[in-house]
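S.K.: Fold the following and give me the result.
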Amino acid sequence: MHHFDRIDGALHAEGAPLEALADAVGTPAYVYSTATLTRHYGLLREAVDAHRSALGDALIAFAVKANSNLSVLATLARLGCGADTVSEGEIRRALAAGVPGDRIIFSGVGKTDAELAFAIEAGVRQINVESGAELDRLIEVSSSLRQRGTASRAIATPNIAIRVNPKIGAGGHAKITTGGATDKFGVPVEEAIDLYARASASPHLTPVGLACHIGSQITSLEPMEAAFRTLREVVLTLRANGHAVSRLDLGGGLGVPYHGQTDTPSISDYAAMCARVLDGLEVEAAFEPGRLLAANAGVLLSRVIQVNQRADGRRFLVLDAGMNDLMRPALYDAFHDLVPVRPREGELLAYDLVGPICESTDIFARDRMLPPLQAGDLVAFMSAGAYGAVLASEYNSRPLVPEVLVDGDRWAVVRSRPSYEDMWAREPKADWLSR
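M.R.: Numbers count the residues shown, from 1 in each chain. Below is the predicted model:
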């Protein structure tokens, strides 16, 4: 079921006309569908629950880095979703959105001592340790908190998982591959076994499992299955060495059908593969979907500023959205379908889709075939709900793009566009420049 459909010829988000939203909040603007978020979470929940005997009472923890809007997080939290976080700020966002600490996973290769302490005191479900250096610092932080007795949560030893780098990288682009031998994430199998033993020997930590995440926008189950089989072998080795292992964090990364792709695995096939690999281990699985839940739940609304027609025939569609609003195409050549909100009659024309940013990389696509477009027309970048607003910036002193959440025929601005005065207020002049 698609929740961005045409009604009377114009594109809507559920029951809300995108033309009306653009008139109310201006463009560019992100618009999210509650129904799509709910449906995608439900599909994954149903698929995972169908294999409870192999996956246990699995946790689905939304990757906050994909879309950190508080209302989006709160929508998922009400459904029972947890949060996969990579900073203190993301932990705080998840908590503020109503995700309880025991449904929050803390990952990331560069956690500071302050962030580790905060995670312990917040009572997160587990901390995914990614290196020997981090393990040593975490032991010290946990020990210090217990000695000071600064919080009741700090008295208990934090649960940890060791993140394994299986030397299997996958994803839609080299820049979103995270499990290869040269990637910075996790540790090799042999080191993971050693770190687990070291953690088990410490009175300040409780090792509970292993974690793995090999990339993003993965369109084949084969590399994921190979990585998960590596985790299975490590579990068996650890247990043979006398260690308890009760959890496996399988990460995220399952691809979504951008622009009607049909080669992405189904959620049910993905869950069945995970169950097949974990069968008999008697562990509790965790999943960390990001774009799987949010990508197709959002669009970026933009308005045509003008069409630049050159003498050589090249046609530039100049939009009011730029790379500072939607970074993915410039960052890793990502594809986003662009559709007119209310298409005009006429034959398709080739356009280069560009923004107003003073950079040659501010281009969304070359030679995109589209219906005729004119200045003032509204267009929508589809599948923009993940890694869109979170990567936005104020480059060229452009205000951050606002975000709107739709639920049926009602909608709300869930992040407003700052005024220029708001932007300047964050930059007080040095005292000596105000005299």
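S.K.: Flag the shaky bits of the chain, pLDDT-wise.
M.R.: Where the chain drops to pLDDT under 70, the residues are 1, 150-155, 168-185, 258-262.
S.K.: Helices along that one, start to end?
M.R.: For the chain, helices defined by DSSP state H occupy the ranges 18-25, 34-49, 52-55, 70-78, 88-96, 113-122, 132-148, 152-155, 189-201, 221-240, 267-278, 291-294, 328-332, 420-425.
S.K.: Please identify the deepest-packed of these.
M.R.: helix 291-294 (a mean of 28; mean count of other Cβ atoms under 10 Å). In short, each C-beta sits where N, CA and C put it, glycine included.
S.K.: which helices and strands sit right next to that one?
M.R.: helix 34-49 (3 or more Cβ pairs under 8 Å, 6 or more residues apart in numbering; DSSP states H and E).
S.K.: Geometrically speaking, which residue is the centre of this protein?
M.R.: The centroid of the chain falls nearest to Ala66 when counting by Cα atoms, centre = their mean (2.0 Å).
S.K.: In this protein, which strand is the longest?
M.R.: Ranked by residue count under DSSP state E, the longest strand found in the chain is strand 298-309.
S.K.: chain center to that one, what's the gap?
M.R.: How far strand 298-309 lies from its chain's middle: 25 Å, per Cα atoms, centre = their mean, to the nearest Å.
S.K.: and if you look at stretch 18-25?
M.R.: Computed by Cα atoms, centre = their mean, the chain-centroid distance of stretch 18-25 equals 26 Å.
S.K.: Equivalent analysis for stretch 400-414, please.
M.R.: Centre-to-centre, stretch 400-414 and its host chain are 19 Å apart (Cα atoms, centre = their mean).
S.K.: residues of it that come out buried?
M.R.: Judged by neighbour count using 16 or more other Cβ atoms under 10 Å, the buried positions of stretch 400-414 are Leu400, Val401, Pro402, Glu403, Val404, Leu405, Val406, Asp407, Trp411, Val414.
S.K.: just the CA coordinates of it, formatted as CSV?
M.R.: Backbone C-alpha positions of stretch 400-414 (Å, rounded to 0.1, in the frame of the first residue of the first chain) are rendered in CSV as follows:
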residue,chain,number,x,y,z
LEU,A,400,17.2,24.3,7.7
VAL,A,401,14.3,22.6,5.9
PRO,A,402,11.1,22.2,8.0
GLU,A,403,9.5,18.8,8.6
VAL,A,404,5.8,17.9,8.6
LEU,A,405,4.1,14.8,9.9
VAL,A,406,0.8,13.7,8.3
ASP,A,407,-1.7,11.3,10.0
GLY,A,408,-4.8,10.8,7.8
ASP,A,409,-6.1,14.2,6.8
ARG,A,410,-4.4,16.0,9.8
TRP,A,411,-0.9,17.3,9.8
ALA,A,412,1.6,19.2,12.0
VAL,A,413,4.9,21.0,11.6
VAL,A,414,7.2,18.9,13.7
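S.K.: now what about that stretch, what contacts it?
M.R.: Contacting residues not belonging to stretch 400-414 are listed as 13-16, 21, 25-26, 28-35, 69-72, 75, 300, 321, 325, 389, 392-394, 415-418 [Cβ atoms under 8 Å, 6 or more residues apart in numbering].
S.K.: Repeat the analysis, applying 6 Å as the threshold.
M.R.: For stretch 400-414, contacts defined as Cβ atoms under 6 Å, 6 or more residues apart in numbering pick out 13-16, 21, 25, 28-34, 69, 71, 325, 389, 392, 394, 415-418.
S.K.: Tell me the spacing between Ser53 and Leu238.
M.R.: Counting by Cβ to Cβ, to the nearest Å, the gap from Ser53 to Leu238 is 22 Å.
S.K.: typo on my end, it should be Asp279
M.R.: For Asp279, the distance to Leu238 - Cβ to Cβ - is 18 Å.
S.K.: Now for the buried residues of stretch 400-414: which two are most distant?
M.R.: Using Cβ to Cβ, the buried residues of stretch 400-414 span at most 22.9 Å, a distance reached by Leu400 and Asp407.
S.K.: related to what we said a few turns ago, in strands only, show me the contacts of stretch 400-414.
M.R.: Ala13, Ala16, Ala29, Tyr30, Val31, Tyr32, Ser33, Arg415.
S.K.: Which residue, other than its chain neighbours, is closest to the last one?
M.R.: Counting by Cβ to Cβ, 6 or more residues apart in numbering, Arg415 lies nearest to Glu403, which is 4.2 Å off, once chain neighbours are set aside.
S.K.: returning to that earlier point: and the ones in strands among the contacts of stretch 400-414, which two are the farthest apart?
M.R.: Farthest apart among the ones in strands among the contacts of stretch 400-414 by Cβ to Cβ are Ala16 and Arg415. That separation is 16.8 Å.
S.K.: sorry, back to before: OK, contacts around the residue nearest to the centre of the chain?
M.R.: Shown in contact with Ala66 (Cβ under 6 Å, 6+ apart): Gly290, Arg291, Ala294, Ala386, Tyr387.
S.K.: what do you get for Ala199?
M.R.: Here Ala199 is in contact with Leu205, Pro207 (Cβ under 6 Å, 6+ apart).
S.K.: measure it to Asn128 for me?
M.R.: Using Cβ to Cβ, Ala199 is found at 12 Å from Asn128.
S.K.: How many neighbouring residues does Gly253 have?
M.R.: 30 (other Cβ atoms under 10 Å).
S.K.: now Asp84
M.R.: As a burial measure, Asp84 scores 30 neighbours (other Cβ under 10 Å).
S.K.: Does it touch Ala63 like I think?
M.R.: Yes: with contact defined as Cβ atoms under 6 Å, Asp84 reaches Ala63; the gap is 4.6 Å.
S.K.: list residues touching both of those two?
M.R.: Both Asp84 and Ala63 are contacted by Glu288, under the criterion Cβ under 6 Å, 6+ apart.
S.K.: Nearest residue to the residue nearest to the centre of the chain in space, please, no chain neighbours.
M.R.: Gly290 (3.0 Å).
S.K.: Identify the residues contacting that neighbour.
M.R.: Gly290 sits next to Ala63, Ala66, Gly252, Ala386 when contact means Cβ under 6 Å, 6+ apart.
S.K.: Not counting its own residues, what contacts stretch 235-247?
M.R.: Outside stretch 235-247, the residues touching it (Cβ under 6 Å, 6+ apart) are Tyr196, Ser200, Val208, Gly209, Leu281, Val283, Glu284.
S.K.: Just the endpoints, please. Distance across that stretch?
M.R.: Length of stretch 235-247, first residue to last, Cα to Cα, to the nearest Å: 10 Å.
S.K.: and if you look at stretch 141-156?
M.R.: Counting by Cα to Cα, you get 13 Å between the two ends of stretch 141-156.
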